[in-house]
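In: only geometry, no sequence info:
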């Protein structure tokens, strides 16, 4: 059973470009969470999605960031007009049903975004 | 908002020895969930152990165990018989029962030496 998959593993963008980060949850998981890890910091929650629904985006910056989890295909975290402060590791996690009392979140290997 | 504090930025232990990593948290909730995640040099986040606050018994997973002190809001991780492969960043995390976001501490870098 494959784990959570993220691609690309490393992404380099110049300021002003767009970054698209992809996450495929574990087989049988329908809930996805995105976290960001700045250098020397712990992970910070960004957004929680189910298929075709954003459940909680309270950790997402108000501008330039968006996330989706379509009926078919991976979840996408999109960053428009990237700035150097967006350089970070972005982790995706998944869980089976999202019932909070029950579940552990399983993490992918992360995408390292570097903005030049 | 809950805060998670890991007061030891770096620790070192010799192979086969025991080491304890500390974690404290702040919450007004009575029921919640605590986790330890490991991030080795590969940067993959790996679950080490979890604890439900309503359970008095400390969780154990092979060489990893926790000392959960609810009144003191303390959740330390003990690694017994340390192995070189235990070298990693260790993150303590908190989840309250009404949310799904994990709140992470800043991590402790553990180095296991031969």
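Out: Alright, I've got the coordinates. This is a predicted model, so every value here is computed, not measured.
In: list the buried ones in stretch A:47-60?
Out: Residues of stretch A:47-60 classed as buried under the neighbour-count rule (16 or more other CB atoms under 10 Å in any protein chain shown) are A:47-49, A:57, A:59-60. Glycine gets a C-beta too; all of them are placed from N, C-alpha and C.
In: in strands, which of those fall?
Out: A:47-49 (DSSP state E).
In: if we can go back for a sec, ok, and which of the buried residues of stretch A:47-60 reach chain B?
Out: Applying CB under 8 Å from any CB of the partner chain to the buried residues of stretch A:47-60, one finds that A:48, A:59 fall near chain B.
In: of the buried residues of stretch A:47-60, which is the nearest to residue B:95?
Out: residue A:48 (11.9 Å; CB to CB).
In: point out the residues in chain A that sit beside chain B.
Out: A:33, A:35, A:40-45, A:48, A:55-56, A:58-59, A:89, A:91, A:93, A:98, A:100-101, A:104-110, A:112.
In: again, 7 Å this time
Out: Residues of chain A that fall close to chain B, judged by CB under 7 Å from any CB of the partner chain: A:41-43, A:45, A:48, A:59, A:89, A:91, A:98, A:100-101, A:104-105, A:107, A:109-110.
In: from the buried residues of stretch A:47-60, which single one is nearest chain B?
Out: residue A:48 (5.6 Å; CB to the nearest CB).
In: residue 37 - nearest residue in space that isn't next to it in sequence?
Out: In the absence of a named chain, this looks at chain A. Spatial nearest neighbour of residue A:37, chain neighbours left out: residue A:89 (4.3 Å); criterion: CB to CB, 6 or more residues apart in numbering or on different chains.
In: actually, chain B is the one I wanted.
Out: residue B:91 (4.7 Å).
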